[in-house]
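Visitor: Give me the fold of what follows.
(one chain, ligands or ions: 1)
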Amino acid sequence: MIVAIDGPAASGKGTLAKRLAEHLGFHCLDTGLLYRAVARDVAQRGFRLDDLWAAVATARGLDPKELEDPDLRGTAAGDAASIVARIPEVRAALLAYQRDFARRPPGAVLDGRDIGSVVCPAADVKIFVTATPEVRARRRFTEFEARGAGISYETVLADILIRDQRDSGRANAPMVLATDAMLLDTSNLSIEAAFDAAVGLIKRKIGHPGC
Ligand code: CDP
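Guide: Prediction:
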């Protein structure tokens, strides 16, 4: 069984995906980390992020075991990721790994921007998680503050708006609400309430015994 969770930056999709995977006993893949790692490696090798050949070669050689780097979680990494993510050949290079992961038994939860639309169009469950930009910025700001990242709320909000635009506006695999996806607006929901709502949606869709 495949659960596809898509949505914009800081919508809560990552936390939700992890909680659902634990609940269902499934594997979990945060696909954003793949793009973040490609961007990190391109920059570390001294290339520009929009250098097509450097980005594609890096994506093709990416070792998905190297995603545990805490620096990958920062704003700069997210912003850089959205630049390499616009390159169709980079996306193509990361596709097989994501699809293989999705097929791992007994099931997998993948979160990203194009899971329900491109990576796993036949996913059993598709949830598009969203929240207002201000709520998302507030959440991310609180996360960064707890880590002592020294970044203002205004900067976080500006970054979120830029990434929303880049992710929805790109020609290849843009962030979209797949026609058969269920919308979950978490603007007024706690993590717990969002989890309960998602379990309710899954139950309604497939009546999985774990839900
Ligand atoms: O955690 P957050 O939502 O801030 O970002 P992320 O999921 O780690 O994704 C970082 C960036 O990678 C996004 O802004 C997208 O540009 C890109 N991405 C993508 O294009 N496709 C995916 N399936 C996942 C991420």
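
Visitor: Touching stretch 69-87 from outside, list them.
Guide: 9, 32-33, 35-40, 42-43, 49-50, 52, 55-56, 59, 90-91, 113, 140, 144, 149, 151, 155-156, 159, 162-163, 166-167, 170, 172 (C-beta atoms under 8 Å, 6 or more residues apart in numbering). C-beta here means a position set from N, CA and C on the backbone, and glycine is covered the same way.

Visitor: number of nearby residues for Ala21?
Guide: Counted with other C-beta atoms under 10 Å, residues neighbouring Ala21 total 20.

Visitor: which residue packs closest to it, ignoring adjacent ones?
Guide: Cys28 (3.6 Å; C-beta to C-beta, 6 or more residues apart in numbering).

Visitor: Helix or strand with the lowest mean pLDDT in this structure?
Guide: Least confident helix or strand of the chain, by mean pLDDT, DSSP states H and E, is helix 75-84 with a mean of 92.

Visitor: ok, and does that helix reach over to the ligand?
Guide: Yes: applying C-beta under 6 Å from any ligand atom, one finds helix 75-84 in contact with the ligand at Gly78, Ala81, Ser82.

Visitor: Using neighbour counts, give me the buried entries of the contacts of stretch 69-87.
Guide: 9, 32-33, 35-40, 42-43, 49, 55-56, 59, 90-91, 113, 140, 144, 151, 156, 159, 163, 166-167, 170 (16 or more other C-beta atoms under 10 Å).
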